[in-house]
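# Provided below are the primary sequence and the corresponding predicted coordinates.
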Amino acid sequence: MRAIETPEGHTWIAECMSDAAQPPARAARATLRAALDAERPLVTPLAHDALSARLIERAGFRAFAIGGSAMLAARYALPDLGLAALGEMSDGIGDIAAATRLPFYADADDGYGDVKSVARTVAVYERLGAGAILIEDQRRERKQPRAEAAKGVVDEAEIADKLRCAMEARRDPDTLIIGRTDAYGALGLAAAIRRAEQFLALGVDGVFIAGLRAEHEYETVGHALRGAMLSAAVFEGIDTPWLAPSALGAMGFRHVSFPASLIVRAVGTMQQTLAALRRHASGVEAMQPAEHSREWRIVLDDALDVARWREIERLHASASEER
């Protein structure tokens, strides 16, 4: 454990790991600030596991995001309804972060408790390499997943305390603290914009208004908060607009996330394949190998760095034979 004194004079207790136990060093990653400057708007797919993060990196994206809905579904087969806490989230984030050197956004829900838990969450997430940490105002006991309308948010004083705490607890000035408000679903668009303005007045690095349902609402948010580091989320398969990153960028959004595209399409492919395999096993309909299965196997082996591991094996095998 280590005590950290902030510029405001507060002291937080942060958890520490030995250098040998840490995942790829934060210094080895480009910062999210650099990624945001290099691409406008910055587009981030959501990684639900280590393999998807590796594929995102190989596809040429500058950054990615880790969200509770996709990761909890893939790792634990759980919905994002407030069932998971810091332990489950940090386990998943650690595995994903270790697979890539891309910078990433990390969903921290409500900080998993009071301000003490927020401080601990920031310390753990920074240690894992998160470049941005999202803290939300949605009530945990009424939490809704994905872009579903929130049923309740905490009062303004409570979320303000948590965001101040998160900013004070961070050790790396390049760590972005993003204030997420779910007030749109519970209180309406005007209240959500007012909360985002309050978050910015506190000094957060960016804001995200969750749950917007129409293009004109994105335009309203972009106009009201122009100049701020605004995040937007584009979902598929639900009743929200499918907007191009360039269109959102023109509205004033600096960051565009696609939270469901990988996990939803992966589930669809697995379901179709399993249905075909079941018919094949039952003798109802013969199943043939996928048309591109050889190419996909090459992509998989490349993502797994199979050649590098085999080269390590070969070199050490040669050294053993020489002895």
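Nice, thanks for sending it over.

# average pLDDT across the host helix or strand of A157?
Element membership for A157 (DSSP states H and E) is helix 156-169. The average pLDDT for helix 156-169 rounds to 98.

# Let me know the next secondary structure element after that helix.
Helices and strands here follow DSSP H and E; after helix 156-169, the next one along the chain is strand 176-181.

# which other helices and strands contact the helix or strand following that following strand?
Tracing the chain past strand 176-181, the next element assigned as helix or strand by DSSP H and E is helix 183-187. Other helices and strands packing on helix 183-187, by 3 or more CB pairs under 8 Å, 6 or more residues apart in numbering; DSSP states H and E, are helix 189-202. For every residue, glycine as well, the C-beta is placed using N, CA and C.

# Let's see the helix it packs on as CSV, backbone CA atoms only.
Taking only C-alpha atoms (Å, rounded to 0.1, in the frame of the first residue of the first chain), the coordinates of helix 189-202 have been written out as CSV:
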residue,chain,number,x,y,z
LEU,A,189,-32.5,15.8,-22.3
ALA,A,190,-32.3,19.2,-20.7
ALA,A,191,-31.4,17.7,-17.3
ALA,A,192,-28.8,15.5,-18.9
ILE,A,193,-27.1,18.5,-20.6
ARG,A,194,-27.2,20.4,-17.3
ARG,A,195,-25.5,17.6,-15.5
ALA,A,196,-22.8,17.3,-18.3
GLU,A,197,-22.2,21.1,-17.9
GLN,A,198,-21.8,20.6,-14.1
PHE,A,199,-19.3,17.8,-14.7
LEU,A,200,-17.3,20.0,-17.0
ALA,A,201,-17.3,22.8,-14.4
LEU,A,202,-15.8,20.3,-11.9
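
# Buried residues, that helix. List them.
Neighbour counts over helix 189-202 (16 or more other CB atoms under 10 Å) mark 189, 192-196, 198-200 as buried.

# again with stretch 301-310
Neighbour counts using 16+ other CB under 10 Å place A303 of stretch 301-310 among the buried residues.

# Can you check the distance spanned by it, start to finish?
With CA to CA, to the nearest Å as the measure, the ends of stretch 301-310 fall 11 Å from one another.

# tell me the mean pLDDT over that stretch?
The pLDDT scores in stretch 301-310 average 94.

# Other residues contacting it?
Residues outside stretch 301-310 that contact it (CB atoms under 8 Å, 6 or more residues apart in numbering): 51, 54-55, 58.
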